[in-house]
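Chemist: Mind folding the following:
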Amino acid sequence: MQFSINAGDLSEMVLESNFPENYFDINTTISSRTTKISQSFGEGVFEEIFFEGMHIAYGDMRFKQHTKLFFESNYETVEMHFDLCGTTFTDISGGQTYTFSDNRHNLIYVPGIKGQIQFAKENVRILEINLMPSLFKKYIEDEEAFEQFMKMVHNQSPALLGKHNLPIPPAMMHIIKGILDCPKIGLFKRMYLEAKVIELLLMQLEQFSTHDCKDFCSLKKADIDKMHHAKEIILKQLYNPCSLIDLARQIGTNEFTLKKGFKEVFGTTVFGMVSDIRMEEAKALLLSGEKNVTEISELIGYKHPAHFNTAFKKKFGITPGKFLK
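Modeler: Numbers count the residues shown, from 1 in each chain. Here you go, the predicted model:
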């Protein structure tokens, strides 16, 4: 099984990858490889991890110009797709197309395909987790909510699980970061990654099963741009956040549209994002060992350490003091 990416014809090969035997064999160990890419259109890195039934691939590219690449694969897979940064437009031979933008995810079934993918002049970061269909089926074979998707898998027809790509919420992003930054090795790395992939799949399936297009997917591009502007303001005022009414006024909308639109675009509320970012920074500070709990509490904007302790435990399931130990 293999896949390849080229920049026009086979003589301009950008990436060619063959799946190792441990992708198919339960008795073999985890393996990984890193491919550095340096081309006229851009440069970056493509990292892969393989173990039984799972292929984790992370691409980080910086495109110098609008770029069109051609791809081809001869393997059947269910792909957990996460667009972490940048926009991509994919055109599969046969007529199916799909577009991914910042902070969006979906599940894609491909039975072995070829086509083209277009990138804008920007940075692009993508995480793809390929699952053997037999592994994927055991989790949702009898789930009524995904009946149509499984019918397409059975007929070996390319398909998206969700009609719309959904936002990657902070909790999902936390798991993704854990996968990308995994410090473990050998058997423990495989166990850790396998658990994280299943947890991530669970969150994807739950989000799609509860998604209601009547309540969401209604924002116009102008409103989506306003939500991204709101996020920029939040990040600049992280430790002194303004009220929802004031934030809505700054981006040129009302409080109702802000609350509804922000949840649709980012998968969390305004204050939920503020809290998640603060907690991640607090965790990093605790790991550095440079400050104690009280100092960190004050630094990230909590007047009372008890309130910080409560928020940290709600996020990570453990108090800052116990985490520090």
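Chemist: backbone phi and psi for residue 128, please?
Modeler: Dihedral pair for residue 128: phi -120, psi 130, per degrees, to the nearest 10.
Chemist: Test my guess that it contacts residue 78.
Modeler: No: Residue 128 lies out of contact with residue 78 (CB atoms under 8 Å); the separation is 10.9 Å. Every C-beta, even on glycine, is put in place using the N, C-alpha and C of the backbone.
Chemist: More neighbours: the two, which one.
Modeler: A count of neighbours by other CB atoms under 10 Å puts residue 78 above the other of residue 128 and residue 78, at 24 against 17.
Chemist: Any buried residues in the helix or strand where residue 36 lies, and which?
Modeler: Using DSSP states H and E, residue 36 maps to strand 31-39. Across strand 31-39, burial judged by 16 or more other CB atoms under 10 Å covers 37, 39.
Chemist: try stretch 64-73
Modeler: Of all the residues in stretch 64-73, those buried under the rule 16+ other CB under 10 Å are 67, 69, 70, 71, 72, 73.
Chemist: Give me the distance between the last one and residue 124.
Modeler: Pointing back at residue 73 there. Between residue 73 and residue 124 the computed distance is 19 Å (CB to CB, to the nearest Å).
Chemist: Point out the other helices and strands that the strand holding residue 36 packs with.
Modeler: Here strand 31-39 touches strand 13-18, strand 42-51, going by 3 or more CB pairs under 8 Å, 6 or more residues apart in numbering; DSSP states H and E.
Chemist: Residue 200: what's its closest spatial neighbour, skipping adjacent residues?
Modeler: Leaving aside its sequence neighbours, residue 200 sits nearest to residue 175 (CB to CB, 6 or more residues apart in numbering; 4.9 Å).
Chemist: and that neighbour, how many neighbours?
Modeler: Neighbour tally, residue 175, other CB under 10 Å: 17.
Chemist: So in the chain, which helix runs the longest?
Modeler: Taking DSSP state H as the criterion, the chain has its longest helix at helix 186-210.
Chemist: that older thread, now for the residue nearest to residue 200: which residues touch it?
Modeler: By CB atoms under 8 Å, 6 or more residues apart in numbering, the contact list for residue 175 reads 196, 199, 200, 203.
Chemist: So, low pLDDT: which residues of the stretch 51-200 of the chain?
Modeler: 93-95, 141-143 (pLDDT under 70).
Chemist: quick one: the residue most central in space within the chain from residue 263, how far?
Modeler: With distances taken as CA atoms, centre = their mean, the residue of the chain nearest its centroid is residue 82 (3.5 Å). As judged by CB to CB, residue 82 and residue 263 stand 19 Å apart.
Chemist: Residue 301 too?
Modeler: 22 Å.
Chemist: ok, the two, which is more surrounded?
Modeler: Comparing residue 301 with residue 263 by other CB under 10 Å, the one with more neighbours is residue 263, at 19 against 14.
Chemist: quick one: that one and residue 269 touch, right?
Modeler: Yes: distance between residue 263 and residue 269: 6.0 Å, which falls inside the contact criterion (CB under 8 Å).
Chemist: in this structure, which spans are helices?
Modeler: Using DSSP H, helices in the chain cover 133-140, 147-154, 170-180, 186-210, 221-236, 244-251, 255-266, 270-288, 293-299, 305-316, 320-324.
Chemist: tell me the most buried of those helices?
Modeler: Greatest average neighbour count among the helices of the chain goes to helix 255-266 (a mean of 19), per mean count of other CB atoms under 10 Å.
Chemist: Now do that one: distance to the chain's middle.
Modeler: Relative to its chain's centre, helix 255-266 lies at 20 Å (CA atoms, centre = their mean, to the nearest Å).
Chemist: between it and helix 244-251, how big is the angle?
Modeler: Relative orientation of helix 255-266 versus helix 244-251 (axes from the mean of the first three to the mean of the last three CA atoms, to 10 degrees): 80 degrees.
Chemist: and the direction of helix 255-266 versus that of helix 221-236, what angle?
Modeler: Using the same axes, to 10 degrees: helix 255-266 against helix 221-236 is 90 degrees.
Chemist: what's helix 255-266 packed up against?
Modeler: Using 3+ CB pairs under 8 Å, 6+ apart: helix 255-266 touches strand 166-167, helix 221-236, helix 244-251, helix 270-288.
Chemist: what sits against residue 116?
Modeler: Going by CB under 8 Å, 6+ apart, residue 116 touches 68, 69, 70, 71, 90, 91.
Chemist: swap the cut-off to 6 Å and go again
Modeler: 68, 70, 91 (CB atoms under 6 Å, 6 or more residues apart in numbering).
Chemist: Great, nothing more from me.
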